[in-house]
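S.K.: what's the 3D shape of this:
(2 chains)
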Amino acid sequence: MPGDDALVLTAEEESMLAGEQGPAIAMCMRLIVGMARANGAERLVPIESAHADGCLYHGVAGLEFTQRLVSLGARVRVRTTLNVGSLDLLHPGLVRADAEVAENGRRLMDAHVALGCEPIWSCAPYQSGHRPAAGSHVAWAESNAIAFVNSVLGARTDRYGDFIDIAAGVAGRVPYSGLHLRRNRTAALVLDFSKVPAALLDDDVAWPAIGALLGELAGTRVAALTGLPGDLTDGGVTEDRLKALGATAASAGGVALFHVVGVTPEAPTLDRVLGPGATTVLVTAHDLRRARDRLSSTATTSLDAVSLGTPHFSLSEFAALAGELRNGPSFASSVDVFVSTSRAVLAEAEARGYADAVRDAGGRILTDTCTYVTPVLRDGVRTVMTNSGKWAWYAPANLGIDTVLGNLAECVASARAGRVVRDERLWG
Amino acid sequence: MSGSGDDPVMLAGRSLHPGAADGVVLALDEPLSFWGGLDARGLIVDAHHPQRGVTVAGQVLAMQAGRGSSSSTAVLAELIRSGHAPAALLLAECDAILVIGALVAAEIYGTSLPIVQLTDDDLARLHTGAQAAVLAHTAPRPATVIAKTR
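M.R.: Numbering: from 1, shown residues only, chains lettered A, B, ... in the order given. All right, here's what the predicted structure looks like:
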């Protein structure tokens, strides 16, 4: 534990901290410098972009902080996209927020726009046009987005959250510590999947299960995954699968960076990312099944709703859903089906007819927010099926409901049948 | 410094956020994500957490690290504002997500929630129910935790 204050600021940064460039920049620099001193950072590093998640309403403190920045005249100095808010501004009838959340949630979203942020309102900015270059330094919040931008895009962010994300956007700097440093991006743990049958890994539901296992085993450490079949060019690994893996790993553990050897940009070989003293775990089909089973909180077959799109549905996920729905029956009237996505992806899905395919089957599309962070499901919903490991992890506590994890085809079959339908042959 | 018998001992740590507090230790068996893991009154509601149903409000909360969502920053700031925050946080790993929550509450409400980083061994010596006094300064200066240990 370093005890000395090692932080050295540039003359420009000292000027910002001293208030010579205005009170908003000074306030943001106090937060950045406070974090840097806690982390033991020796200097700050300029960032190329930020992704802020402080626009989701958690209470009065976040609103008062953001309005303070607005009143001090703050503006972001690097590109800053916004994560989900508490409201669907495009489809206001879908969110049943109480008066406080509706009013303050809207004010909070407005305040972030007033700071100059881009209102993409998405937890998957990397699928809505915000894709930092490999090796660039950024300040991203939202745990799944952090895992994706570090792991899949190879940009460098530490774990940022509410307040520090927007402070970084305003100051244009973050502590040079944590995952900004190359030495902290090597793997302390290797998960070897070579003994898991390829057929199991080709089921989409295997990927949130891998994430749950990774989160459980790695905690906050960096891991390398080996023995996974295929890559991003042959479809054995897809960005959507890595999105599901990272989102679940960030929820079940504190994973902010993972390497898939032969797939992700920093890991062309295991040697390139192997940290000193790394341990290896040989994963079995049994391990994966147990991880999958932890993401279902009930064995019931009764079903009230299906939730897709956590993190936000991509265009390719919409295409797969539209494919499942083609020429099939509508959803059972007893099952509410929600798909959460971004405005940008929805516009593309509208143009390609995917959105109408979902609506024609009886589904509803939610933008700007998500079904587990704000009240969308009707009262009385007890069991919800999802293809999202992240949704399955958080919804029981957030919403007081039970979850069943299944792949996209199983979610569609269940929504049509009005009860949980899962194909257990692969997993039996 | 080590103690003997029933005498409290002084554990030396590293300040992550300044403040002083007295309270009763709540030692978590597993890391906790404040977001999704705590309700508005500081009750542990994470279905996966072994100490579900226990409150962190007013406690000297000892845990290895935070976990999960980056929204835990806002949850901590809101708990501080509403008076349901822990009295102090004792961590084995520096958790910037929680440090920021305390920094922001200090900016807008003038509060000072002490956050201290201890070694793994010292953190493990703290047990639930022990009275503890925590004194932390501006990071990264030395901090002290005085408590009965095992």
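S.K.: and the stretch 151-300 of chain A, which of its residues are near chain B?
M.R.: Taking CB under 8 Å from any CB of the partner chain, the part of the stretch 151-300 of chain A that reaches chain B is made up of A:158-165, A:178, A:219-220, A:250-254, A:297. In this view, the C-beta of every residue, glycine as well, is placed from N, C-alpha and C.
S.K.: Which of the residues you listed fall within helices?
M.R.: Counting by DSSP state H, the part of those found in helices is A:164-165, A:250-252.
S.K.: Output the residues you listed as a markdown table; include the columns pLDDT.
M.R.: Formatted as a markdown table, those follow (pLDDT from 0 to 100):
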| residue | pLDDT |
| --- | --- |
| A:164 | 95 |
| A:165 | 95 |
| A:250 | 94 |
| A:251 | 91 |
| A:252 | 91 |
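S.K.: which one among those residues gets closest to chain B?
M.R.: residue A:164 (4.5 Å; CB to the nearest CB).
S.K.: Might one say that the closest one is in contact with residue B:73?
M.R.: Yes: between residue A:164 and residue B:73 there is a contact under CB atoms under 8 Å: 7.0 Å.
S.K.: Between these two, which contacts overlap?
M.R.: residue B:100 (CB atoms under 8 Å, 6 or more residues apart in numbering or on different chains).
S.K.: so where do the helices sit in chain B?
M.R.: B:34-37, B:72-82, B:96-109, B:120-125.
S.K.: how about those helices in a markdown table, adding mean neighbour count and mean pLDDT?
M.R.: Converted to a markdown table, the helices of chain B look like this (neighbours: other CB atoms under 10 Å in any protein chain shown; pLDDT from 0 to 100):
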| stretch | mean neighbour count | mean pLDDT |
| --- | --- | --- |
| helix B:34-37 | 27 | 87 |
| helix B:72-82 | 27 | 93 |
| helix B:96-109 | 25 | 93 |
| helix B:120-125 | 16 | 96 |
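S.K.: Can you add distance to chain A and give those back as a markdown table?
M.R.: Shown next, in a markdown table, are these (distance: least, CB to the nearest CB, whole Å):
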| stretch | distance to chain A |
| --- | --- |
| helix B:34-37 | 5 |
| helix B:72-82 | 3 |
| helix B:96-109 | 5 |
| helix B:120-125 | 10 |
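S.K.: Would you mind telling me which of the ones you listed is nearest residue A:99?
M.R.: helix B:72-82 (17.9 Å; CB to CB).
S.K.: hey, where'd the strands end up in chain B?
M.R.: B:9-17, B:19-27, B:60-63, B:88-91, B:115-117, B:131-136, B:142-147 (DSSP state E).
S.K.: Sheet partners, orientation included, of the third one?
M.R.: If you go by DSSP bridges, strand B:60-63 pairs up with strand B:19-27 (parallel), strand B:88-91 (parallel).
S.K.: contacting residues around the shortest one?
M.R.: Counting by CB under 8 Å, 6+ apart, strand B:88-91 makes contact with B:13, B:16, B:19, B:21, B:23, B:25, B:60-66, B:98, B:102, B:113-118, B:123, B:126, B:132, B:134, B:136, B:145, all of which sit outside it.
S.K.: helices and strands of chain B: which one bottoms out on pLDDT?
M.R.: helix B:34-37 (a mean of 87; mean pLDDT, DSSP states H and E).
S.K.: what about the residue most central in space within chain A, helix or strand, and which?
M.R.: The residue lying closest to the centre of chain A (CA atoms, centre = their mean) is residue A:144, at 2.5 Å. Per DSSP states H and E, residue A:144 falls inside helix A:143-151.
S.K.: what about the helices in the stretch 101-250 of chain A?
M.R.: A:143-151, A:164-171, A:198-201, A:206-218, A:239-252 (DSSP state H, counting those that start in this stretch).
S.K.: Point to the helix or strand of chain A where mean pLDDT is at its lowest.
M.R.: Going by mean pLDDT, DSSP H and E, chain A bottoms out at helix A:389-399, a mean of 91.
S.K.: and that helix with chain B, contact?
M.R.: Yes: interface with chain B: helix A:389-399 contributes A:393-394, A:396-398 (CB under 8 Å from any CB).
S.K.: pLDDT below threshold where in the chain?
M.R.: No chain in the question, so chain A it is. In the predicted model, chain A carries pLDDT under 70 at residues A:1-4.
S.K.: that's the other chain; I wanted chain B
M.R.: B:1-5, B:67-70.
S.K.: circling back: now do the least confident helix or strand of chain B: distance to the chain's middle.
M.R.: 15 Å (CA atoms, centre = their mean, to the nearest Å).
S.K.: what does it rub up against?
M.R.: Against helix B:34-37 from outside (CB under 8 Å, 6+ apart): A:58, A:394, A:397-398, B:44-46, B:49, B:66-72, B:74-76, B:79, B:98, B:101.
S.K.: ranking the strands paired with strand B:60-63 by burial, who's on top?
M.R.: strand B:88-91 (a mean of 28; mean count of other CB atoms under 10 Å in any protein chain shown).
S.K.: Just the CA coordinates for that strand, please, in PDB.
M.R.: Output of strand B:88-91 as PDB, limited to C-alpha atoms (Å, rounded to 0.1, in the frame of the first residue of the first chain):
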ATOM      1  CA  ALA B  88     -17.000   4.300   7.700                       C
ATOM      2  CA  LEU B  89     -15.700   2.000   5.000                       C
ATOM      3  CA  LEU B  90     -12.800  -0.300   5.600                       C
ATOM      4  CA  LEU B  91     -11.500  -2.000   2.400                       C
END
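S.K.: for the residues of helix A:389-399 next to chain B, which one is nearest residue A:284?
M.R.: Among those, and counting by CB to CB, the member closest to residue A:284 is residue A:393, at 22.1 Å.
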